[in-house]
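Chemist: Everything below, folded, please.
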Amino acid sequence: MANQARGARHSKSGEHRRADGVRTRARLLDVAEELFADLGVEAVSVRSVNAAAGLAPASVHYHFRDKDGLVRAVIARRGEMVIRRQAELLAQIERLRRRPRAEEVVRLLADPFHDLLRREPTGGARWLTIVADLVAANDERVYQVGFGPGSVQERINRCAAAAFPALPEPEISLRWRLASTALLQLMASSAPVLATDAGDREYEVIVGFVAAGLAGVCVRKNAHGQSR
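Modeler: Below is the predicted model:
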């Protein structure tokens with residue numbers, strides 16, 4: 001009986017430690033997300049995250065190893081849901097077995113971001129600001145958590161290429177990269193509005209604007225100046 005009691009105490013103690021660890025990790029992610037969004041990732045130190053969270057100086061290193069690990073964890077926390085939704089939308093387009101339209105490709109990227117903003121207005125806006133800044137800087141950390149080679153994002157890139165088969169791959173790749181970067185920047189700057197019912201119209205304008213721009217720069221002209 002004594003051994004069973006000691007075992008039960010050890011088990012409860014372990015559960016408490018794990019629960020404390022989960023809460024500490026979540027606290028660090030929340031604080032880091034806020035600081036990264038407000039100040040920029042590069043301007044925020046590990047020490048400042050620990051201090052703002054009211055935790056020990058080694059907390060970030062214990063839970064995330066280093067700052068890069070913390071940045072990747074911040075991206076992945078909300079990004080995993082975004083990626084799953086993008087995969088669902090992409091599968092729907094792929095089943096159509098036809099050339100996708102520019103707006104459909106843009107929505108593949110944009111709709112899950114919009115869903116996130118509507119579901120989590122504050123956290124979603126901060127996360128989108130961070131991702132938009134990292135993508136604009138071509139920061140490899142944003143591509144290491146599901147947005148890089150072999151990912152859904154790569155399949156979306158191929159979908160964009162399929163929308164404009166007349167363009168060589170390097171040309172469509174450049175145009176799609178610029179369009180997707182612009183989309184992220186526009187959505188991040190309008191995030192507080194997009195998170196509300198009143199923002200639906202603005203969202204449609206952003207999607208239409210980026211889609212029209214993408215289609216415009218992807219039109220090739222023949223020797224007679226005619227679009228094709």
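Chemist: can you tell me the distance between the two ends of stretch 41-61?
Modeler: 17 Å (Cα to Cα, to the nearest Å).
Chemist: Contact partners for the closest residue to V44 other than its chain neighbours?
Modeler: Nearest non-adjacent residue to V44, counting by Cβ to Cβ, 6 or more residues apart in numbering: L35, 4.6 Å away. From N, CA and C alone the C-beta is placed, and that goes for glycine too. Counting by Cβ atoms under 8 Å, 6 or more residues apart in numbering, L35 makes contact with 44, 48-49, 52.
Chemist: Out of those, grab the one that's most surrounded.
Modeler: V49 (24 neighbours; other Cβ atoms under 10 Å).
Chemist: Do you know the pLDDT at the nearest residue to that residue once chain neighbours are set aside?
Modeler: Distances taken as Cβ to Cβ, 6+ apart put A32 closest to V49, at 5.0 Å, once the chain neighbours are dropped. Reported pLDDT at A32 in the predicted model: 98.
Chemist: tell me the secondary structure for A32?
Modeler: A32 falls in the helix class when you classify it by DSSP: H, G, I helix; E, B strand; the rest coil.
Chemist: ok, now which ones touch it?
Modeler: So A32 contacts 44, 49, 60, 70-71, 74 (Cβ under 8 Å, 6+ apart).
Chemist: which SSE is the residue most central in space within the chain in?
Modeler: Centroid-nearest residue in the chain: G79, 4.7 Å away (criterion: Cα atoms, centre = their mean). When elements are defined using DSSP states H and E, G79 is found to belong to helix 67-96.
Chemist: what about the helix or strand following that helix, average pLDDT?
Modeler: Sequence order places helix 102-119 as the next helix or strand after helix 67-96, per DSSP H and E. Helix 102-119 comes out with an average pLDDT of 96.
Chemist: can you list the residues that contact helix 102-119?
Modeler: 78, 81-83, 85-86, 89-90, 93, 124-125, 127-128, 156, 159-160, 163-164, 176, 179-180, 183-184, 187, 191, 194-195, 203, 206-208, 210-212, 214-215, 218.
Chemist: one more time with 7 Å, if that's ok
Modeler: For helix 102-119, contacts defined as Cβ atoms under 7 Å, 6 or more residues apart in numbering pick out 78, 81-82, 85-86, 89-90, 93, 124-125, 128, 156, 159-160, 163, 180, 183, 187, 191, 194-195, 203, 207, 210-211, 214-215.
Chemist: tell me what the following helix or strand past it is packed against?
Modeler: Next along the chain after helix 102-119, taking DSSP H and E as the criterion, comes helix 121-136. On a contact count with 3 or more Cβ pairs under 7 Å, 6 or more residues apart in numbering; DSSP states H and E, helix 121-136 meets helix 2-39, helix 67-96, helix 102-119, helix 169-189, helix 191-194.
Chemist: Recalculate using a threshold of 6 Å.
Modeler: Helices and strands touching helix 121-136, by 3 or more Cβ pairs under 6 Å, 6 or more residues apart in numbering; DSSP states H and E, are helix 2-39, helix 102-119, helix 169-189.
Chemist: about what we covered before: in the helix holding G79, what's buried?
Modeler: 67, 70-75, 77-79, 82-83, 85-87, 89-90, 93 (16 or more other Cβ atoms under 10 Å).
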